Each structure stands twice: as C-alpha cells, then as structure tokens.
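> Could you look at this predicted model? Sequence included:
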Amino acid sequence: MSTTKNSRYIKATPEVLYQAFTEPKALETWMAPGEMTGKMHSFDLREGGSYEMSLYYPESEKQTQGKSSNKEDRYKARFVELTPNKKIVQAITFDSTDENLTGEMIMEVTFTKKDKGTEVSIIFKNIPPGIKPEDNEQGTEMTLEKLAKYVE
C-alpha cells in the first residue's frame, strides 16, 4: 500500500475551499481530473456520512482504463473527520471487481491559511496496489488545478 502527498497554494480562504470540498455541485465541477467529468449519486455531509460519485473519462480517450467500467471510476467516500475550514478525512472505496483496486484508501485534506490564500494539502494513504502512486499524484495535481480555477 502506497502513500502520496500533494500541496498547492490557492488564492482563496480556508472557508471557501472547505465549502468546495463539502458541496455536491462543487465536487462534480472540480473533483474529476483533467478532461474527466463528475456526477454525484448520493451525498450525506456528516461524520459517518458518505457520498457516492462517478468520474467519467472523456470519449476522446480510446484506452480502456476505468476502475468500475470502461469509462467510469465509481467510488464511495465515507466522512471520517470533518473539522470545518481546517481538515477533512475520507475513507474511499472504488466500485471494482479487480482486487488490486479494492480496499479502503484514506484521503486527508488540510487547509492552512497563508498570506492571502490557503495551502491545500492532500495525503492519500493505503492506495490500492492497482493504482500507481505516480498516477495518483498526477491526478491529484490536475484536480488541485481545477479546484484553484473553480475558487479563484
């Protein structure tokens, strides 16, 4: 099981960023890396609550690579910890028949106020063996880029 860490300075307050991580429509907009798109299936914002979401690969991408189906990564995220404007911890499980993609992955997000913005750090722990750490880091970088564009 691997661990990755990505950080990005974003010109927004911790409050605005926390809200972007805790609103279904916002997550649909920026959570999907690159040209992927997102769709929220269910959402229950509370510690112990969860959400279910799909990330769809663009039709232009010809390689089959989805974790759940050809063009889809579907997952369930359980809220382990919600500390408003400071920290979010989620336990994520992919909907997959491939044992190398299953298991509970932990995503820990912290918001640290810096100057006129916020340092957003995302640590993934227990990354399933079927996901290359460098792919996870690249996807997280693309997601943080979309998040910055969404809130700035």
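That came through fine.
> Please make it C-alpha for all contacts and neighbour counts, starting now.
OK.
> who's sitting farthest from the centroid in this protein?
Asp115 (25.0 Å; CA atoms, centre = their mean).
> wait, what's in contact with that residue?
Asp115 makes no contacts at all, as judged by CA atoms under 8 Å, 6 or more residues apart in numbering.
> Next, name the residue at the spatial heart of this protein.
Nearest to the chain centroid, counting by CA atoms, centre = their mean: Met31, 5.6 Å.
> now the helices: where do they sit in this protein?
14-21, 24-30, 133-151 (DSSP state H).
> what does the second one contact?
Outside helix 24-30, the residues within contact range by CA under 8 Å, 6+ apart are 20-21, 37-40, 43, 143, 146-147, 150.
> just the buried members of the residues you listed?
20-21, 37-40, 43, 143, 146-147 (16 or more other CA atoms under 10 Å).
> ok, Asn136 - contacts?
Thr4.
> What separation do you get for it and Asp115?
Distance of Asn136 to Asp115, given as CA to CA, to the nearest Å: 29 Å.
> Residue ranges in this protein under the pLDDT threshold?
62, 64 (pLDDT under 70).
> Could I get the full set of strands for it?
Remark: strands assigned in the chain by DSSP state E are 2-10, 37-43, 50-56, 72-83, 87-94, 105-114, 117-127.
> and the gap between Gly117 and Glu72?
Distance from Gly117 to Glu72, by CA to CA: 33 Å.
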